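[1] Show me the folded form of this:
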Amino acid sequence: MRLYSGNSKQFVQDSILNQIAEKLKNAFFVYYRYNPSPNEINSWKNSLRATAQVLQFANLMDNGILLEYQLPLSSKRLDCIICGKDQNKNENAVIIELKQWDKCSASECINEVMTYVGGGLREVLHPSAQVGRYKTYLQDCHTAFYENNPINLFSCSYLHNYNYYKSDVIFDDKFKDLLNGSPLFTGDQVEELSDFLINKLDEGEGQDVLKRIEESKYRPSKKLMQHVSGVIKGKSEYILLDEQLIVYDKVFASARKSFHDKQKSIIVVKGGPGTGKSVIAINLMADLLKENYNAHYSTGSKAFTETLRTIIGLRGSAQFKYFNSYAGAEYNAVDVLICDEAHRIRKTSNNMYTPAAKRSDLAQIDEIVKAAKVSVFFIDDDQVVRPDEIGSVAYIKDYAEKNSCKLVEFELEAQFRCNGSDGFVNWINNTLGVKRTANVIWDNKEAFDFQILQSPEELEQAIRNKLVDGNTARVTAGFCWPWSLPNSDGTLINDVIIGSYKRPWNAKPDAKKLAVNIPKAPLWAYDPNGINQIGCVYTAQGFEFDYVGVIFGKDLTYNLDNGQWQADNKQSFDTTVKRSKGKFIDLVKNTYRVLLSRGMKGCYVYFEDKNTERFFRSRME
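    Below is the predicted model of the structure:
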């Protein structure tokens, strides 16, 4: 999708006649069915007029130009791509990222600066980092840039309201490599920007190059596939055992058959915590890419997806997406779409930020299945922790049946977490009343280390001791305290208060600025500094640690008099779950089930409610 495509001479004329913003506005409405914001329209007027002036100055009048070009299977749009040929008749294209900034300040982060955007001072990517990632994305995922005499792709940024000062933070030494790869030009560097473009585009003939770009397709390159595969397969812990290997082999067999089969295939892999769902998914992702299948790894969790992207690196992040990434995907664009944590699938991909005109009635599962030849759903029905999460085995099976898809089911049973013992998870299920199991009593002779501690201080110290011993460990809690935005200096507020014990939650996802050594919300489970904050279920779900500490709040308590679990939504600060009415107790039970089952070697718990603690102790040897 692009909002404008044509000849650079026509673009310059549209800008001189003040028509360019109106043309983009009309194209935007035709595609999205709602109008762009006034701020976006103003940015088009200002930035594109400045761009047209540069092209006029450089006399680049025979070049192709794309404006607001959407990256394949992404919501990101490139501001401008100019294409043509150089003096050696090489086909080239240049991405230009346009900014209206007039100043910025330093950030502690490696790829970021601080500037005033969106009504406030925010931490944002350095323009060279942003446009450099766009370039790599296209080189890895767009056939025009890696296949059959590929078009050479370059990138730069143009800050037309900015003045050049050598000592400006935007030219800091830490950005040297970024600037070398994607130069940044300020408003008083029109000659330098012109020279940069002339060197790559001065022979014109851009319409032919433009046509190649528009007619080429999205498909990840072998180079990218090998990169992601190599990173994943370097992880020695990803080893398949027993029924895990059976599921793996079935997915591969389905992928091979899908090229000659018009019927969609759906594979459902059911399993509780620690049964190896993600282990299979990661192995599949690596080996499918290695065999040149276009595989995607998708989840409904920002924390899980962003952590995977961080581990894989910027380059491989194109293959790791969210369930709501496939609204505009082409039919069968993906060979195998691996949906991990599929219980987090929602009714539609709409959210609170989706404009009314852009809302769709199409089910999220419909978008996923249509985008892929083979869809693989890894799922645990008892990990649903929000009322708008509707993913379940029954829901997926019903969809497959109604849409005439091939359906294969597997259930994983063996435990590859909790020191190889499935007894602990079964005991938690039984004790919380999630499901009846044979494990009514917990035997402390088990290898898995389960302890009830007498204070949150003692709990945290025990977890920190495990870190000192070289283990991975985190402290988590039920959502029983408010969750505040950071202070003005980026430090976190101590929201979790129990007597003299005071700790902050992990950072909120919408925090604009964070102090040094405070990880962003999606990276709390991965960043070593996450030990200094309390994690909630939304940042812990999907991850596993050697040891987990759980503060069990008063939103779920056990009544010793009637022998029943009871939930109190007045003790909860999860506004979405509080509104779930009759589902509240089940969602809170699932929340604690998730938190208690994050540890592979041990789980330590502090209970705020002492009757609940007594009940747990009564179920222990």
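
[2] can you pull the contacts of Ser298?
    Contacts for Ser298 (Cβ atoms under 8 Å, 6 or more residues apart in numbering) come out as 305, 320-323, 325-326, 337-340, 368. Quick note: C-beta positions are derived from backbone N, CA and C, even for glycine.

[3] Any chance of those in a markdown table with pLDDT, secondary structure and distance to Ser182 as columns?
    Formatted as a markdown table, the contacts of Ser298 follow (pLDDT from 0 to 100; DSSP: H, G, I helix; E, B strand; the rest coil; distance: Cβ to Cβ, whole Å):
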| residue | pLDDT | secondary structure | distance to Ser182 |
| --- | --- | --- | --- |
| Thr305 | 82 | helix | 25 |
| Phe320 | 88 | strand | 23 |
| Lys321 | 90 | strand | 24 |
| Tyr322 | 89 | strand | 26 |
| Phe323 | 92 | helix | 31 |
| Ser325 | 88 | helix | 25 |
| Tyr326 | 90 | helix | 29 |
| Leu337 | 94 | strand | 31 |
| Ile338 | 94 | strand | 32 |
| Cys339 | 94 | strand | 34 |
| Asp340 | 90 | coil | 33 |
| Ile368 | 95 | helix | 34 |
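
[4] From start to finish, how long is stretch 105-120 in a straight line?
    One end of stretch 105-120 sits 13 Å from the other (Cα to Cα, to the nearest Å).

[5] what's stretch 424-440 in contact with?
    Residues from elsewhere that reach stretch 424-440 (Cβ under 8 Å, 6+ apart): 272-274, 382, 415, 417-418, 423, 441-442, 446, 448, 450, 565, 589-590, 592-593, 596-597, 603, 615-616, 619.

[6] again but with stretch 523-539, I slipped
    301, 303, 306-307, 310-311, 385, 463-464, 467, 473-479, 483, 492, 496, 503-507, 517-519, 521-522, 540, 543, 545, 551, 591, 594-595.

[7] re the thing from before, would CSV of the contacts of Ser298 with distance to Gly391 be doable?
    Output for the contacts of Ser298, formatted as CSV (distance: Cβ to Cβ, whole Å):
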residue, distance to Gly391
Thr305, 16
Phe320, 19
Lys321, 16
Tyr322, 13
Phe323, 9
Ser325, 16
Tyr326, 15
Leu337, 14
Ile338, 14
Cys339, 8
Asp340, 11
Ile368, 10
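
[8] Mind picking the one among those residues that's closest to Leu66?
    Of all the contacts of Ser298, Ser325 has the smallest distance to Leu66: 21.8 Å, by Cβ to Cβ.

[9] how many other residues sit next to that closest one?
    Using other Cβ atoms under 10 Å, the number of residues around Ser325 comes to 20.

[10] Can you tell me how far it is from Lys302?
    To Lys302, Ser325 is 12 Å away according to Cβ to Cβ, to the nearest Å.

[11] again with Ser105
    Distance of Ser105 to Lys302, given as Cβ to Cβ: 27 Å.

[12] For those two, indicate the residue with more neighbours.
    Lys302 (15 against 12).

[13] centre of the chain versus stretch 530-546, how much separation?
    16 Å (Cα atoms, centre = their mean, to the nearest Å).

[14] actually stretch 3-12, not the one I wrote
    Using Cα atoms, centre = their mean, the offset of stretch 3-12 from its chain centre is 34 Å.

[15] Next: stretch 10-25.
    Stretch 10-25 sits 36 Å away from the centroid of its parent chain (Cα atoms, centre = their mean).

[16] now do stretch 282-289
    18 Å.

[17] And for stretch 2-16?
    34 Å.

[18] Can you list the neighbours in contact with it?
    Applying Cβ under 8 Å, 6+ apart, the external contacts of stretch 2-16 come out as 20, 23-24, 27-28, 31, 48-49, 51-52, 55-56, 60-70, 82, 206-207, 210, 214.

[19] Now, of those residues, which are buried?
    When the contacts of stretch 2-16 are checked for burial by 16 or more other Cβ atoms under 10 Å, the buried set is 20, 23-24, 27-28, 48-49, 51-52, 55-56, 60-69, 82, 206-207, 210.

[20] Give me the neighbour count for Phe259.
    When counting by other Cβ under 10 Å, one arrives at 9 neighbours for Phe259.

[21] re the thing from before, taking the contacts of stretch 523-539 one by one, which sit in strands?
    Among the contacts of stretch 523-539, the members falling in strands (DSSP state E) are 473-477, 496, 503, 545, 551.

[22] so which of those comes closest to Ala394?
    Comparing those against Ala394 with Cβ to Cβ places Thr476 closest, at 29.2 Å.
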